[in-house]
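Asks: Let's see this in three dimensions:
(chains A and B)
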Amino acid sequence: NAGVTQTPKFRILKIGQSMTLQCTQDMNHNYMYWYRQDPGMGLKLIYYSVGAGITDKGEVPNGYNVSRSTTEDFPLRLELAAPSQTSVYFCASSFGVAELFFGEGSRLTVL
Amino acid sequence: KNEVEQSPQNLTAQEGEFITINCSYSVGISALHWLQQHPGGGIVSLFMLSSGKKKHGRLIATINIQEKHSSLHITASHPRDSAVYICAVRRSGGANSKLTFGKGITLSVRP
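Replies: As a prediction, this is how the structure comes out:
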């Protein structure tokens, strides 16, 4: 099993550009999450999903969108990138409220 | 005041020492997670616990629900234990209750 796979690992964007961070898991987990990690801060929840076709906002959803068309995939879309979105992004999944499994992270810089 | 507080903020130890990392929280919880993040790396779940104590190899996690406090102990520490250790709590009250993360403790173990 690959677990949780995120791509890309690194990306530099210009202000105003858009991009999608991909996340896929092969553990048949129903819950999936996107977090951002900023220096000196705890992980903050951007969006989450409790199953295919269901998504909901977390603490810091502004500037992002998600979709969950399949159990496996949970892409995060950044529209009109801003410097404030420079961060490390982590996708995670779990079976219900059990143990979380994280991807390797995606480091995004917006210049 | 943050819902999850970790102490100490940074910790340096000598190889072989017994290490304790603390986590205090201020809300009712259904579970507490301990996570490990190596420099530049992904995040790995170490423990999820709601009561008592769990052990895995040289790692022991305990929780005192009444005192709203958890500790992560590392016995016979090794330089490969150098990482950031993150505590996260899931508030009680529903399957969609989200995790709140501490800022993490940076542990350095010197050979």
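Asks: Can I take it that residue B:47 is in a strand?
Replies: Yes - with DSSP: H, G, I helix; E, B strand; the rest coil as the criterion, residue B:47 is part of a strand.
Asks: Report the contact partners of it.
Replies: The neighbourhood of residue B:47, defined by Cβ atoms under 8 Å, 6 or more residues apart in numbering or on different chains, consists of B:33, B:34, B:54, B:56, B:59, B:61, B:72. Quick note: C-beta positions are derived from backbone N, CA and C, even for glycine.
Asks: Run a quick neighbour tally on the fifth one.
Replies: Residue B:59 has 18 neighbours, counted by other Cβ atoms under 10 Å in any protein chain shown.
Asks: List the beta-bridge partners for the most centrally placed residue in chain A.
Replies: For chain A, the residue whose C-alpha lies nearest the mean C-alpha position (Cα atoms, centre = their mean) is residue A:34; its distance is 3.1 Å. Beta-bridge pairing for residue A:34 (DSSP bridges): residue A:47, residue A:91.
Asks: so how far is residue A:6 from it?
Replies: If you measure residue A:34 against residue A:6 using Cβ to Cβ, to the nearest Å, the figure is 10 Å.
Asks: Overlap of the contact sets of those two?
Replies: When contacts are counted by Cβ under 8 Å, 6+ apart, the set common to residue A:34 and residue A:6 consists of A:21, A:23, A:89, A:90, A:91.
Asks: and those residues as a markdown table, adding neighbour count and pLDDT?
Replies: Output for those, formatted as a markdown table (neighbours: other Cβ atoms under 10 Å in any protein chain shown; pLDDT from 0 to 100):
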| residue | neighbour count | pLDDT |
| --- | --- | --- |
| A:21 | 22 | 98 |
| A:23 | 25 | 98 |
| A:89 | 22 | 97 |
| A:90 | 25 | 97 |
| A:91 | 27 | 97 |
